[in-house]
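Participant: Sharing a model that was predicted from the sequence below.
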Amino acid sequence: MKFDYNLKNYDFRLVFYMVVLNVMGVVIMRSAVGADNFQNPQVFRQIIGSFAGLVICIGLSLIDYRRIARQYNLIYLVSVLMLVGVKVYGTASGHGAVRWIQVPFLGQVQPAEFVKIGLIVFYASYFHKAKDQINSVHTVLTAFVLYLIPIGLVLIQPNLSTAIIMTVIVAAIVFASNIGYKWIMGVLIAVVPFALAFVYLFKSGLYDHIPFLQGYQAARILTFLNPSENSQTFYQQMYSIMAIGSGQFAGKGLNNKSIFSVKNGNFLAEEDNDFIFAVIGEELGFRGSVIIIIFFLLIIIECLIIASKAKKMSGRLICVGMMAWIGFQTYTNIAVATGILPNTGVTLPFFSRGVSSLVSVYIGMGLVLNVALQRRDGVI
């Protein structure tokens, strides 16, 4: 397999969008944790993760993604083993969830973030290999069974939000794989009874009978449905909405010392992680928030453009998978911060604290950049 790259096809726009968001993310994190400089341990770790992620991204962008995709079975196996390792060697969080493992020199690592990449590469290659029998029962059922294994391992951590993100990623890849609409409609019809049963159990107060739904997760949904009756658990989103609204159009400014700041009053929870968009809204205002959202939208559009020009189905599906990941996770995080969705614990790419999520996104975007280098002949 020869390297037939034309460096004129290198997508510097996509690199620019990522770097801008990453720099903004570090600056916002510094303000969120109240650090006086960038030597704060949390901020410094994020900076190191940013440089490492960018270097890995650029390096991967110059390696033929097809060489990596050929190892899709091994990548899937390693992904599953990592999730098994979390169950065996993982450390628990405050809610009792076991999602991290301690790695020498690296500290805490969340394997599920890297499994997202593993599933994208696996399913992109799987459907590319099976493109001539993509609508066969064997192909579809095998794909479904192989989906259930990692999703089940994530659900028992428990990590419902990550399982949902993985499901959206896989669904987007399946939809873009030229699979027949009869399969798509069949899945949608099959999902309806489960959705109705979910709603019924919640309305009947029997949500403890819903598999894989933990008590704190049910409480978050109940809080979202009836915030006035659950004010003690709605405070996170309530203060987040208050902070975003208080920023008005221009914001209060980064690292401001205003006594009227919701963040400075220590009212925000997880302000450097799940609710970092509240800091963006308060300190950069509507104007800054929209600019950041536009940059995320530009990344999504760029992934779709690269997908439309990809030489191979596997390349197209990798781009679609990354688009679904970035798009859905960004929307979900902002929707939670603004009270549109219940609290899910989903982070904001390039902004929220966490080297695992940052590096894993860069790995995926490195593959997208290589797909862009190998666009179809005659496509400008």
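Facilitator: Arrived safely.
Participant: C-alpha from now on. contacts and neighbour counts both.
Facilitator: Noted.
Participant: any weak-confidence spans in the stretch 101-250 of the chain?
Facilitator: Applying pLDDT under 70 to the stretch 101-250 of the chain flags the ranges 104-107, 228-233.
Participant: Can you give me the buried ones in stretch 171-187?
Facilitator: A172, I173, V174, A176, S177, I179, W183 (16 or more other Cα atoms under 10 Å).
Participant: Stretch 74-88: which residues count as buried?
Facilitator: Buried residues in stretch 74-88 (16+ other Cα under 10 Å): I75, Y76, S79, V80, L81, M82, L83, V84, V86, K87.
Participant: ok, so of these, who is nearest M365?
Facilitator: I75 (17.1 Å; Cα to Cα).
Participant: ok, and the closest non-adjacent residue to that closest one?
Facilitator: Nearest non-adjacent residue to I75, counting by Cα to Cα, 6 or more residues apart in numbering: G118, 5.8 Å away.
Participant: Against Y10, how distant is that neighbour?
Facilitator: Counting by Cα to Cα, to the nearest Å, the separation of G118 from Y10 is 24 Å.
Participant: quick one: which of these two has more around it?
Facilitator: Legend: neighbour count by other Cα atoms under 10 Å for G118 and Y10, higher for G118 (24 against 18).
Participant: I figured the more buried one hits L81, correct?
Facilitator: No. Counting by Cα atoms under 8 Å, G118 stays clear of L81, with 11.6 Å between them.
Participant: And the pLDDT at the spatially most central residue of the chain?
Facilitator: Centroid check for the chain by Cα atoms, centre = their mean gives Q329 as the closest residue, at 4.3 Å. The model reports Q329 with a pLDDT of 95.
Participant: switch to numbering from 35
Facilitator: Sure, I'll start numbering at 35, so the last one becomes Q363.
Participant: Now do the same contact list for it.
Facilitator: I199, V380, T381, L382, P383 (Cα atoms under 8 Å, 6 or more residues apart in numbering).
Participant: from those, which single one is nearest G83?
Facilitator: Taking the contacts of Q363 together and measuring to G83 by Cα to Cα, the closest member is P383, at 12.9 Å.
Participant: Neighbours of V202, how many?
Facilitator: Counted with other Cα under 10 Å, V202 comes out at 17.
Participant: Quick one: residues contacting V137.
Facilitator: V137 neighbours (Cα under 8 Å, 6+ apart): V143.
Participant: Name the single longest helix found in the chain.
Facilitator: What stands out as the longest helix in the chain, according to DSSP state H, is helix 310-343.
Participant: Is it correct that G214 is in contact with N169?
Facilitator: Yes. The pair G214 / N169 is scored as a contact, 6.2 Å apart, by Cα under 8 Å.
Participant: The residue located most distally from the centre of the chain - nearest residue in space that isn't next to it in sequence?
Facilitator: Ranked by distance from the centre of the chain (Cα atoms, centre = their mean), the top residue is I293, with 33.9 Å. Once flanking residues are discounted, I293 sits nearest to G299: 7.1 Å by Cα to Cα, 6+ apart.
Participant: How much space separates that neighbour from V77?
Facilitator: On the measure of Cα to Cα, G299 and V77 end up 21 Å apart.
Participant: got it, and R254?
Facilitator: From R254 to V77 the distance is 29 Å (Cα to Cα).
Participant: One more: R321?
Facilitator: 25 Å.
Participant: Would you mind telling me which of these two has more residues around it?
Facilitator: V77 (24 against 14).
Participant: Okay, and the more buried one sits in which element?
Facilitator: Using DSSP states H and E, the element containing V77 is helix 75-95.
Participant: How far away from the center of its chain is that helix?
Facilitator: Counting by Cα atoms, centre = their mean, to the nearest Å, helix 75-95 is centred 17 Å from the centre of its parent chain.
Participant: can you check stretch 86-103 too?
Facilitator: 19 Å.
Participant: Report the mean per-residue pLDDT for that stretch.
Facilitator: Mean predicted lDDT for stretch 86-103 stands at 94.
Participant: start to end distance for that stretch?
Facilitator: Start-to-end, stretch 86-103 (Cα to Cα) is 22 Å.
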